[in-house]
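Enquirer: after the sequence you'll find the predicted model.
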Number of protein chains: 2
Amino acid sequence: MSTASGPLSGITVIEIATMVAAPTSGMMLADFGATVIKVEPPEGDHSRHAGWFYKGESLWWPLLGRNKAAVTLNLKHPEGPELLLKMVEKADVLIENMRPGKLEALGLTPSVLFRRNQGLVLLRVTGWGQNGPYKDRPSFGTQAEAMSGFAYSNGQPGGPPTLPSFPLADGVAGYLGAFSIMAALWRRQQDPERRGQVIDLSLVEAIFGLFGPVASAYDKLGMIQECIGSRSPMGAPRNIYRSADGRWLAISCAAQQIALRAFAAIGRPELIDDPRYNTVDARLKNVDEVDAIVQDWIGRHTAEKVVERFTEVGATVAPVYSIADVCNDEHFKVRQMLTEAESGRMGPIRMQNVCPRLSDTPGSVRWAGRELGEDNESWYVETLGLSRDKFNCLRKEGAI
Amino acid sequence: MSTASGPLSGITVIEIATMVAAPTSGMMLADFGATVIKVEPPEGDHSRHAGWFYKGESLWWPLLGRNKAAVTLNLKHPEGPELLLKMVEKADVLIENMRPGKLEALGLTPSVLFRRNQGLVLLRVTGWGQNGPYKDRPSFGTQAEAMSGFAYSNGQPGGPPTLPSFPLADGVAGYLGAFSIMAALWRRQQDPERRGQVIDLSLVEAIFGLFGPVASAYDKLGMIQECIGSRSPMGAPRNIYRSADGRWLAISCAAQQIALRAFAAIGRPELIDDPRYNTVDARLKNVDEVDAIVQDWIGRHTAEKVVERFTEVGATVAPVYSIADVCNDEHFKVRQMLTEAESGRMGPIRMQNVCPRLSDTPGSVRWAGRELGEDNESWYVETLGLSRDKFNCLRKEGAI
């Protein structure tokens, strides 16, 4: 393993967790320089076997495993839990995502872990959290997307509720997990006894945190957000419109000033003084008319022209991009929003770059997810100090 | 201001930023105990004037302003920038979300800021980032949701692309901003010179980071994810189905084992050996048939029965909840996913609780967003040490 630079270099993380949420937390820390040991069962992490595939290999693993050391360990082998405890002694953070009670069933209760390393920060990621009536229910991000309220108000009016096509709740929880680990590590630094703690992160709460004052609005106004397509309860015009050349364009006007500019962009500045359209409330009440007026103008112009006009007057607009558009966009190229990482058998592979950018100690993508067990020897023998005989024996027994 | 507890107590943050992304970062830090000074123009932050409204007051402000001190400052007043610099001297973090160059136009370049406080961490949140051809384009979360590729693949097959009904890209960037601040502060602690740095966070990159290996799949496979409703490219059955009593239920089976259990739950365990359904690839190829089989069974049972059967066999299922369902759910009550905060004129107001839970130094919601300028005196006179005469004079001049 090459030595990492980046703001988190010096932090060591053990990740016994499968796709997608918890490994995203690990990836964030690794992107910014932490040493992250991805501990997989000897048959490999699930993200090595999840679609999409290229040459028989999953495209998830190069991304989720990037910048991590690849180490195997069979936690069900009699020596498994003790080997994990040896790792924990060397670590600042342990990330796990078993169902509540499963880690305990291996003898790895928080108190056992803290006895070996009282500074450990233990991130526990689950669908529903560590307690409560649903804690034992299996759950993936899909269930969090359904039960948080996301799906209910995502979709076209009158249509069915709609789930995202990618693991949204997982990713969001991953970001939040990385933050909470840093908060706990920060706290540890201030603590004279350098104590760690347990973080209880649920997918459903992580995504629910994004919805704004929906609970306040239900409580005070009885407001339940139904599917409203691409409209917003916050202002109008806000929708996706179709240009003369058949492209989709997204416009939003949360602020009065921006609505004024949007009306100016379509050559109708007088509308902002029309009592039907002169306030957010008025525009929301007459949203069908507002959308018709905007669509009419956009439908008579090319997407290029629409973007040009809106940009000229300082109104907001953006074309709806597919991943092909994203990959070919000049701005994103200049920003290096994408990068290429070396992955043994697949060759260089394109993926999201580190986000965000730190000016002095930026993160980096140093390698894509490695081969199964590639770092076993350096980790077990050089870092944990097992003898080579012991290492070979563990390997023979299927413990690693 | 009461003294905060929580893992981040002792950190001071100045927030000159409007809804929603950057203030979400500030809220996260405040939830976990940082002292966050929300600096608003004298007419008030935009989130005090954005819908939904209760008794004429925005429901956004109690949430986004929670746990923050409410201080006003007119940055366009001749003394404004110098007053901000005085604040910066007392701070660890400055959060801003002006368009690139606007902070500089006030004379507040990074180098001026660092000269006053070389330990400052400066989080800069924008739609498109600090450089590149689109940097001067105005942008809200909507544009990031359009141009990142989110909207393109969100929706029903053949239907229009669909934007989220809430500020998704903003919230996600907010989470990521909080993480990156902690990473930069951590780095500062390791630095003998205790230097801060600049963080360049764009909404579009923040949300793009959630999509998994879409760029890899486009690159290696030419794969462009179209709208597929609630299906997933990762496995089947994964969809929203309708029960006999007219409720929507979300099911997902990313892993083979879970698909087996789902087939068992609907009394068709033999399907997992059927060559049409025995692998992820086979099920994806025959996804219409898979969905029809699952829908048929679910359509003949009540939602309660479906949840019971799936849970019994360890398959994943969840009802699609509205905010009303969320607010009345027993599990979420036990988990305290919602809390109430005191907000002067609106009384106690329900909102999302702090997420996640830290076992030893949990965060807390201590108060909802305060009155405009409520903390001016304690901040300017007691903390910054301005004389009462100077304070009164600044007030009269409209500088604060």
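Expert: Alright, I've got the coordinates. Residues are numbered from 1 along each chain as shown, chains lettered A, B, ... in the order given.
Enquirer: rest of the way, CA atoms for contacts and neighbours
Expert: Fine.
Enquirer: from chain B, how far out is the residue most central in space within chain A?
Expert: Closest residue to the average C-alpha location of chain A: residue A:171 at 2.2 Å, with CA atoms, centre = their mean. According to CA to the nearest CA, to the nearest Å, residue A:171 stands 5 Å off from chain B.
Enquirer: please verify my assumption that that residue contacts residue B:210.
Expert: Yes - Residue A:171 lies in contact with residue B:210 (CA atoms under 8 Å); the separation is 5.2 Å.
Enquirer: show the contacting residues for residue A:127.
Expert: A:135, A:138-141, A:143-144, A:202-204 (CA atoms under 8 Å, 6 or more residues apart in numbering or on different chains).
Enquirer: chain neighbours aside, what residue packs nearest to residue A:179?
Expert: Nearest non-adjacent residue to residue A:179, counting by CA to CA, 6 or more residues apart in numbering or on different chains: residue B:179, 4.1 Å away.
Enquirer: got the angle between the helix or strand that neighbour falls within and helix A:168-190?
Expert: Element membership for residue B:179, per DSSP states H and E: helix B:168-190. Calculated by axes from the mean of the first three to the mean of the last three CA atoms, to 10 degrees, helix B:168-190 forms an angle of 20 degrees with helix A:168-190.
Enquirer: what lines up beside the helix or strand following helix B:168-190 in the sheet?
Expert: Next in sequence after helix B:168-190, counting helices and strands by DSSP H and E, comes strand B:198-202. Strand B:198-202 pairs in its sheet with strand A:357-358 (antiparallel), strand B:121-126 (parallel), by DSSP bridges.
Enquirer: for residue B:387, which of the ones you listed is the nearest?
Expert: Evaluated over the strands paired with strand B:198-202, closeness to residue B:387 peaks at strand B:121-126, with 28.4 Å, by CA to CA.
Enquirer: which is the next helix or strand following that closest one?
Expert: Strand B:121-126 is succeeded, C-terminally, by helix B:141-147 (DSSP H and E).
Enquirer: how about stretch A:325-340, which residues are buried there?
Expert: A:325-327, A:331-332, A:335, A:337-340 (16 or more other CA atoms under 10 Å in any protein chain shown).
Enquirer: nearest to chain B among these?
Expert: Nearest to chain B, judged by CA to the nearest CA, of the buried residues of stretch A:325-340 is residue A:331 at 5.2 Å.
Enquirer: what sits against the closest one?
Expert: Residue A:331 touches B:132-134, counting by CA under 8 Å, 6+ apart.
Enquirer: mind checking what secondary structure it has?
Expert: Three-state assignment for residue A:331 (DSSP: H, G, I helix; E, B strand; the rest coil): helix.
Enquirer: could you do the one 10 residues further on as well?
Expert: Here residue A:341 is strand, with the state taken from three-state DSSP.
Enquirer: burial of it, as a residue count?
Expert: 22 (other CA atoms under 10 Å in any protein chain shown).
Enquirer: likewise residue A:131?
Expert: Neighbour tally, residue A:131, other CA under 10 Å: 13.
Enquirer: same thing with residue A:382?
Expert: When neighbours are counted by other CA under 10 Å, residue A:382 registers 12.
Enquirer: surely it is within a strand?
Expert: No - counting by three-state DSSP, residue A:382 falls outside a strand, being helix.
Enquirer: now do the strands in the stretch 151-300 of chain A.
Expert: Ranges of strands in the stretch 151-300 of chain A, per DSSP state E, counting those that start in this stretch, are A:198-202, A:239-242, A:248-251.
Enquirer: could I get these as JSON lines with distance to residue B:105?
Expert: Shown next, in JSON lines, are those (distance: least, CA to CA, whole Å):
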{"stretch": "strand A:198-202", "distance to residue B:105": "41"}
{"stretch": "strand A:239-242", "distance to residue B:105": "33"}
{"stretch": "strand A:248-251", "distance to residue B:105": "28"}
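Enquirer: mind putting those strands into TSV with mean pLDDT and distance to residue B:48?
Expert: Putting these into TSV (pLDDT from 0 to 100; distance: least, CA to CA, whole Å) gives the following:
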stretch	mean pLDDT	distance to residue B:48
strand A:198-202	98	30
strand A:239-242	98	23
strand A:248-251	98	23
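Enquirer: before we move on, the earlier item: distance from the chain centre to the helix holding residue B:179, please.
Expert: 12 Å (CA atoms, centre = their mean, to the nearest Å).
Enquirer: buried ones in that helix?
Expert: Result for helix B:168-190 [16+ other CA under 10 Å]: buried residues B:168-189.
Enquirer: could you dump that helix to PDB, C-alpha only?
Expert: Output of helix B:168-190 as PDB, limited to C-alpha atoms (Å, rounded to 0.1, in the frame of the first residue of the first chain):
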ATOM      1  CA  LEU B 168     -32.300  17.000  -2.700                       C
ATOM      2  CA  ALA B 169     -29.000  18.200  -4.200                       C
ATOM      3  CA  ASP B 170     -28.900  20.900  -1.600                       C
ATOM      4  CA  GLY B 171     -29.400  18.500   1.300                       C
ATOM      5  CA  VAL B 172     -26.800  16.100   0.000                       C
ATOM      6  CA  ALA B 173     -24.300  18.900  -0.500                       C
ATOM      7  CA  GLY B 174     -25.100  20.000   3.000                       C
ATOM      8  CA  TYR B 175     -24.200  16.600   4.500                       C
ATOM      9  CA  LEU B 176     -21.000  16.600   2.400                       C
ATOM     10  CA  GLY B 177     -20.100  20.100   3.400                       C
ATOM     11  CA  ALA B 178     -20.300  19.200   7.100                       C
ATOM     12  CA  PHE B 179     -18.000  16.200   6.500                       C
ATOM     13  CA  SER B 180     -15.400  18.200   4.500                       C
ATOM     14  CA  ILE B 181     -15.300  20.900   7.200                       C
ATOM     15  CA  MET B 182     -14.500  18.200   9.800                       C
ATOM     16  CA  ALA B 183     -11.800  16.700   7.500                       C
ATOM     17  CA  ALA B 184     -10.200  20.100   7.100                       C
ATOM     18  CA  LEU B 185     -10.400  20.800  10.900                       C
ATOM     19  CA  TRP B 186      -8.900  17.400  11.600                       C
ATOM     20  CA  ARG B 187      -6.100  18.200   9.200                       C
ATOM     21  CA  ARG B 188      -5.500  21.500  11.000                       C
ATOM     22  CA  GLN B 189      -5.100  19.800  14.300                       C
ATOM     23  CA  GLN B 190      -2.300  17.700  12.800                       C
END
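Enquirer: what about residue A:106, how many neighbours?
Expert: Count around residue A:106 with other CA under 10 Å applied: 14.
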